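1. here is my input, please return the structure:
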Amino acid sequence: METQSTEKKDIRPIVLKNGIFVVGHPRSGTSLACQLLQSAGVGFPSDFGGDDYNKSGYFELETGKELEKKLIDKAMTEENVLELNKIVARLNDGAGLTGLKIVHVPALFFFRHIAKDKKMRVVFIFRNPADVRSSMFKRGISQFKLSWFDNNNALVAAHENIPKSIVISYEALIAGRPGIRRAFKKIGFQVDMGVIRREEQTQKNSRIVLTADEQRLYKVLKRLERESCR
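-> Next up, the predicted model:
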């Protein structure tokens, strides 16, 4: 009697040809950074329009956001590779430069592993953790899969391992500081600072109490920002 072959199809990740990413914890200014890159010609496929919290939109894919969580939990399973391939194909095949926003920072490492010649450009965004937490509470979000500390610790590690990356704060973006243009130029983009609307700032100077570790990490991030903006 003939038996059917039970061999599984060998599913391999698609090579990422030209990755452009905006990466940071939620409510840290990632959407604002996407707006700046959009002004420089980068397109961001998105499933979410604007609202009272992000008037210009969220610049993120629902499938991408869900995949980030799955990659962190289970790494490159067959199912996750298939979903990753769909997103990478969308980035590779987009008309012009296409970017992706990531809010679960450790998930970025999976895209880095499949990037052609490890060539990818990343804008890392951070924000005062007190204002982040206050902004999240305002939205009714008390929990996120990764804490501010864990997400931004991963941000530091990713920046150390991705040469074409910059670290910028939400505070610098919203203030339109001159060093921002210099930072974006380092990774090949001429941005229009005129897209920034200071009146859309959602939270500032929160008095929420921070841990000592959060305060120390925030100082590290500020130092990395100064290096990026020189």
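
2. any idea how far Gly99 is from Ser165?
-> Distance from Gly99 to Ser165, counting by CB to CB, to the nearest Å: 13 Å. Where you see a C-beta, it was placed from the backbone N, CA and C, and this is true even at glycine.

3. following element in sequence after the worst-scoring helix or strand of the chain on mean pLDDT, please.
-> Sorting the helices and strands of the chain by mean pLDDT, DSSP states H and E puts helix 129-138 at the bottom, at a mean of 91. Remark: after helix 129-138, the chain's next helix or strand is helix 148-161, criterion DSSP states H and E.

4. what residues sit buried inside that next one?
-> Of the residues in helix 148-161, 148-156, 158-159 count as buried by neighbour count, 16 or more other CB atoms under 10 Å.

5. residue ranges with poor pLDDT in this protein?
-> Residues of the chain meeting the criterion pLDDT under 70: 1-10, 48-57, 199-203.

6. quick one: the strands in it?
-> 19-24, 42-43, 97-102, 120-126, 165-169 (DSSP state E).

7. what is the nearest of the buried residues of helix 148-161 to Arg90?
-> Closest approach to Arg90 among these (CB to CB): Ala158, at 21.6 Å.

8. Asn161 versus the residue nearest to that closest one when sequence neighbours are not counted, what's the distance?
-> Nearest non-adjacent residue to Ala158, counting by CB to CB, 6 or more residues apart in numbering: Leu108, 5.4 Å away. The spacing between Leu108 and Asn161, counted by CB to CB, is 10 Å.

9. again, but for Arg182
-> Between Arg182 and Asn161 the computed distance is 22 Å (CB to CB).

10. ok, Ser147 next?
-> 21 Å.

11. count of neighbours near the closest residue to Thr30 other than its chain neighbours?
-> Excluding the flanking residues, the one nearest Thr30 by CB to CB, 6+ apart is Gly24, at 4.7 Å. By other CB atoms under 10 Å, 27 other residues sit near Gly24.

12. over to the one 3 residues further on?
-> Applying other CB under 10 Å, we find 26 residues neighbouring Arg27.

13. is it true that it touches Pro129?
-> No. Applying CB atoms under 8 Å, one finds Arg27 not in contact with Pro129, separated by 10.2 Å.

14. OK, contacts around Ser172?
-> In this structure residue 172 is Ala, not Ser. Neighbouring residues of Ala172 by CB atoms under 8 Å, 6 or more residues apart in numbering: 179-180, 225, 229.

15. repeat that for 6 Å
-> For Ala172, the contact set (CB atoms under 6 Å, 6 or more residues apart in numbering) comprises Ile180.

16. what's the spacing between the residue nearest to Ala158 and Ala89?
-> 18 Å.

17. apart from its chain neighbours, what residue comes closest to His104?
-> Glu68 is the one closest to His104 (CB to CB, 6+ apart), at 3.9 Å.

18. swap in Asp192?
-> Distances taken as CB to CB, 6+ apart put Ser39 closest to Asp192, at 3.8 Å, once the chain neighbours are dropped.
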